[in-house]
Structures are given as structure tokens and as C-alpha cells.
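K.L.:
Please work out how this folds:
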Amino acid sequence: MKLDKKLIAVPAIALAAGLSLTACGSSSSSTGAGSSASGTTTPKATACAYWAQAKTESTTAEAQTDVQQAVNALGSSASAAGSNASLWQALSAAYTSASIGSQAGVSAYSETIDSDCAGPAAAPSAQAPAPADTTPAAPPTKAAPAPVSAQAPAPTQAPAAAVPASDAWSVAVAYTNDINAGDNSDAWNLLSSSVQNSGWGGSYSRYVADFTPLSYDNVTYSSSSGDSVTFVYTLHNHSTGSQRYTSCIFTVDDGVITSSS
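P.N.:
Numbering: from 1, shown residues only. Okay, the predicted model is just below:
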């Protein structure tokens with residue numbers, strides 16, 4: 001039986017071509033991670049089922065969707081995946097490779113992931129879920145993640161060549177750190193006027209409303225090409241509690257972000 005899919009779109013910041021802009025995630029577009037299989041299926045079993053399905057897909061887009069569902073089934077980060085951390089890292093690396101346009105990224109990690117999936121999955125718990133707590137929750141607070149370093153970070157998901165120093169990566173690091181620290185005015189000034197106008201109608205107050213509850217967690221360099229840089233991260237909405245693992249491409253000109261995808 002084919003698994004249900006929920007396509008989790010990679011957000012975009014103001015594309016100069018005229019698409020609606022959310023700067024690689026905003027409060028109006030942020031959603032939770034894709035759902036896993038129902039019942040007592042373990043996260044590992046769900047992830048491996050999505051992985052098996054990804055290898056049968058005829059298009060890169062379908063395979064990428066399956067792999068992202070597999071990543072989300074295990075958690076928002078390697079630490080959240082617990083004993084499945086190595087599987088989370090391998091699936092994340094496969095997703096990142098597939099997301100830049102080559103389904104070869106799926107098969108390249110098959111041996112590692114297939115071997116991990118062949119091992120015993122953690123036994124599901126038969127304990128009934130605890131009753132929901134109806135006590136009103138306190139307003140969420142935005143805890144800023146540790147600042148990202150621009151000094152050639154290397155992906156933890158898979159072995160990779162040293163990261164080349166690039167203006168695009170430095171700007172991406174500065175932008176995400178500004179958002180995490182609540183320095184919205186500094187982040188706004190890193191966007192070109194065309195991005196500001198097409199994304200938020202040039203309204204700084206609208207931009208602040210979108211990004212105040214958000215943070216970029218576990219920002220990791222992926223690749224560079226000319227004036228563009230690709231990186232992966234977990235978008236955390238502190239108002240809703242949702243977390244989503246995704247990727248983004250920034251194009252930079254004269255120290256400001258001119259587009260993203």
C-alpha cells in the first residue's frame with residue numbers, strides 16, 4: 001500500500017520574478033513536520049517505509065518528498081532522533097542531494113540507509129496516550145539558537161569537501177543570526193529593495209510580524225555556485241511550536257540578498 005504524502009514546500013524569500021515571498025520561511029507559511037504512519041508504527045519503521053518508496057519513484061520531486069517525510073518521521077534534528085541519529089543524518093544527506101536536482105542523491109546513500117533499516121527497529125510502546133492537558137499554556141518565548149559561524153562549516157550529514165569562503169554564505173549566516181537574535185532591522189537591511197517590496201510591499205512592520213516568532217535552527221552549509229549558496233536548517237515557529245527541516249538558496253549581490261528559492 002502506497003504511503004500518503006504531504007508535500008512540504010521549500011519556502012522562498014522574495015523572488016525578483018514576482019513570486020509571493022516569505023524569505024525562506026515566515027509565520028504565514030510555516031507548518032509542522034510531515035505526519036508519520038498511524039497506530040503503533042515506530043518512527044524508524046515509518047522512515048524506512050518512506051525511504052523504500054522513494055527508491056521506486058519515477059521523478060526527483062516525488063523521491064525528494066518521500067525522503068523529507070522519512071527525515072521528519074525521525075525528528076527535527078539528529079539529537080531529536082535519539083538512537084536513530086545515524087539514520088537521520090544519512091536521510092538528511094540524501095534529501096539535500098536530491099533537493100538540488102539529482103535523483104542520484106537517493107541511490108547514493110542506499111547502502112548506508114538500507115543497512116540501518118535492516119536492523120531491528122525500536123519496539124513500539126503499548127501504553128495508552130496520556131490525557132490531553134487542558135491548562136492554558138503560557139505565551140511562548142523565542143530562545144535564540146547559538147549563532148552560526150561563517151568560518152567554513154562542514155555538513156554533519158555526510159562527508160564533504162571544505163566549504164569555500166563566499167560572500168553569499170557570509171550574508172546567509174548574518175541574516176539567520178539576525179533573525180535568531182531578534183535584530184529584525186539588521187535582517188531587513190540585508191534584503192534588497194526588490195525583495196522588500198515584492199515580499200512585504202516595502203512594509204517593515206509586516207516583515208517584523210512574520211519573523212518575530214521564527215528562528216533558524218541547525219543552519220548548515222550545503223554548497224555554493226557563483227553568487228548563490230545553498231544551506232539546510234530547521235525552521236522553528238515558537239508561536240505554534242512547529243519545526244520543519246528544509247533547505248534554501250540565497251543569491252547575493254553587493255552584500256544584500258536579491259532572491260531565494
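K.L.:
What is the least confident helix or strand in the protein?
P.N.:
helix 104-107 (a mean of 60; mean pLDDT, DSSP states H and E).
K.L.:
so after that one, what's the next helix or strand?
P.N.:
Next in sequence after helix 104-107, counting helices and strands by DSSP states H and E, comes helix 110-118.
K.L.:
which other helices and strands contact that next one?
P.N.:
For helix 110-118, the packing partners by 3 or more Cβ pairs under 8 Å, 6 or more residues apart in numbering; DSSP states H and E come out as helix 43-54, helix 85-99. C-beta coordinates here come from the backbone N, C-alpha and C atoms, glycine included.
K.L.:
where are the low-confidence patches of the protein?
P.N.:
In the predicted model, the chain carries pLDDT under 70 at residues 1-40, 96-108, 120-166.
K.L.:
For the stretch 151-261 of the chain, just list every one of the helices.
P.N.:
With DSSP state H, counting those that start in this stretch as the criterion, the stretch 151-261 of the chain has helices at 167-181, 184-189, 193-200, 204-211.
K.L.:
buried stuff in the longest one?
P.N.:
Translated: helix 167-181. Using 16 or more other Cβ atoms under 10 Å as the test for burial, helix 167-181 gives 168-169, 171-180.
K.L.:
orientation of that helix relative to helix 204-211 in degrees?
P.N.:
Angle between the axes of helix 167-181 and helix 204-211 is 80 degrees (criterion: axes from the mean of the first three to the mean of the last three Cα atoms, to 10 degrees).
K.L.:
Show me what helix 167-181 is packed against.
P.N.:
Looks like helix 167-181 contacts helix 184-189, strand 214-225, strand 228-237, strand 243-253, strand 256-260 (3+ Cβ pairs under 8 Å, 6+ apart).
K.L.:
how's the chain carved up into domains?
P.N.:
Domain assignment for the chain, taken from automatic domain parsing, gives 43-118, 167-260.
K.L.:
Now do the longest one: distance from first to last residue.
P.N.:
Using Cα to Cα, to the nearest Å, the gap from the first to the last residue of domain 167-260 comes to 15 Å.
K.L.:
what does the first one give?
P.N.:
In terms of Cα to Cα, the two terminal residues of domain 43-118 are separated by 14 Å.
K.L.:
Now tabulate the helices and strands packed on helix 110-118 in JSON lines and tack on mean neighbour count and distance to Ser192.
P.N.:
Shown next, in JSON lines, are the helices and strands packed on helix 110-118 (neighbours: other Cβ atoms under 10 Å; distance: least, Cβ to Cβ, whole Å):
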{"stretch": "helix 43-54", "mean neighbour count": "22", "distance to Ser192": "36"}
{"stretch": "helix 85-99", "mean neighbour count": "24", "distance to Ser192": "24"}
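K.L.:
right, and the helices of the stretch 151-261 of the chain - which one's nearest Tyr245?
P.N.:
helix 167-181 (14.7 Å; Cβ to Cβ).
K.L.:
how big is the angle separating that closest one from strand 243-253?
P.N.:
Relative orientation of helix 167-181 versus strand 243-253 (the same axes, to 10 degrees): 130 degrees.
K.L.:
Next, the angle strand 228-237 makes with helix 167-181.
P.N.:
Using the same axes, to 10 degrees: helix 167-181 against strand 228-237 is 10 degrees.
K.L.:
Wait, Asp167 touches Asp253, no?
P.N.:
No. Look at Asp167 against Asp253 with Cβ atoms under 8 Å: they stay out of range, at 9.1 Å.
K.L.:
list residues touching both of the two?
P.N.:
Shared contacts of Asp167 and Asp253, defined by Cβ atoms under 8 Å, 6 or more residues apart in numbering, comprise Asp227.
K.L.:
May I see the helices and strands packed on helix 110-118 arranged in CSV, with distance to Tyr245 as well?
P.N.:
Converted to CSV, the helices and strands packed on helix 110-118 look like this (distance: least, Cβ to Cβ, whole Å):
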stretch, distance to Tyr245
helix 43-54, 12
helix 85-99, 7
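K.L.:
Which one of those lies nearest to Gly241?
P.N.:
Closest among the helices and strands packed on helix 110-118, using Cβ to Cβ: helix 43-54, at 18.1 Å.
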